[in-house]
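Asker: Turn this into a structure:
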Amino acid sequence: QVQLVESGGGLVQAGGSLRLSCAASGRTLSSYYMGWFRQAPGKEREFVAADTYSGGRTYYADSVKGRFAISRDNAKNTVYLHMNSLKPEDTAVYSCAGRISGGSYYYATPNDYTYWGQGTQVTVSS
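Answerer: Next up, the predicted model:
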């Protein structure tokens, strides 16, 4: 199994940037399909971004396209979510998630993922 731990959340003003990290232990992330999700108070968990482990393909929710970027550093066994031009509506708990296989398919629902981190809070003030 792989254990995931997020970090990098915090309070930022609208228009600012944050970089979230998802560090893995137990297994190497290079063979995992990784995603980021977020959940705002009173709302369901929603897909943010995904990175396939083969083919180098990435997917983004329309709401973050052009502002967020997912990347991974296999040497550090870490996946990142680079968030720019943050808006108050980006406020949520952000969680990383992983699944062992997936090819280059588009996996955007929580049930598609097996492993989850505990989440990190991102708050964007107006």
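
Asker: And for residue 15, nearest residue in space, chain neighbours not counted?
Answerer: Closest residue in space to residue 15, ignoring its immediate chain neighbours: residue 85 at 6.1 Å, by CB to CB, 6 or more residues apart in numbering. Every C-beta, even on glycine, is put in place using the N, C-alpha and C of the backbone.

Asker: before we move on, what about residue 93?
Answerer: residue 119 (4.3 Å).

Asker: Kindly state the pLDDT recorded for the one you found?
Answerer: Note on residue 119: pLDDT of 97.

Asker: What residues does it make contact with?
Answerer: Residues counted as contacts of residue 119 (CB atoms under 8 Å, 6 or more residues apart in numbering) are 6, 39, 93-95.

Asker: Could you do residue 61 as well?
Answerer: Counting by CB under 8 Å, 6+ apart, residue 61 touches 46-49, 108.

Asker: Which of those residues sits closest to residue 28?
Answerer: residue 49 (20.5 Å; CB to CB).

Asker: Secondary structure element holding the most centrally placed residue in the chain?
Answerer: Residue closest to the average C-alpha location in the chain (CA atoms, centre = their mean): residue 36, at 2.3 Å. According to DSSP states H and E, residue 36 maps onto strand 33-39.

Asker: hang on, the earlier thing: how far away is the residue nearest to residue 93 from residue 4?
Answerer: Per CB to CB, to the nearest Å, residue 119 is found 10 Å from residue 4.

Asker: And residue 69, by the same measure?
Answerer: Distance from residue 69 to residue 4, by CB to CB: 19 Å.

Asker: Compare these two and say which one has the larger neighbour count.
Answerer: residue 4 (23 against 17; other CB atoms under 10 Å).

Asker: give me every residue that touches the nearest residue to that one once chain neighbours are set aside.
Answerer: Distance criterion CB to CB, 6+ apart; nearest residue to residue 4, sequence neighbours excluded, is residue 117 at 3.7 Å. Counting by CB under 8 Å, 6+ apart, residue 117 touches 4-6, 22, 95-97.
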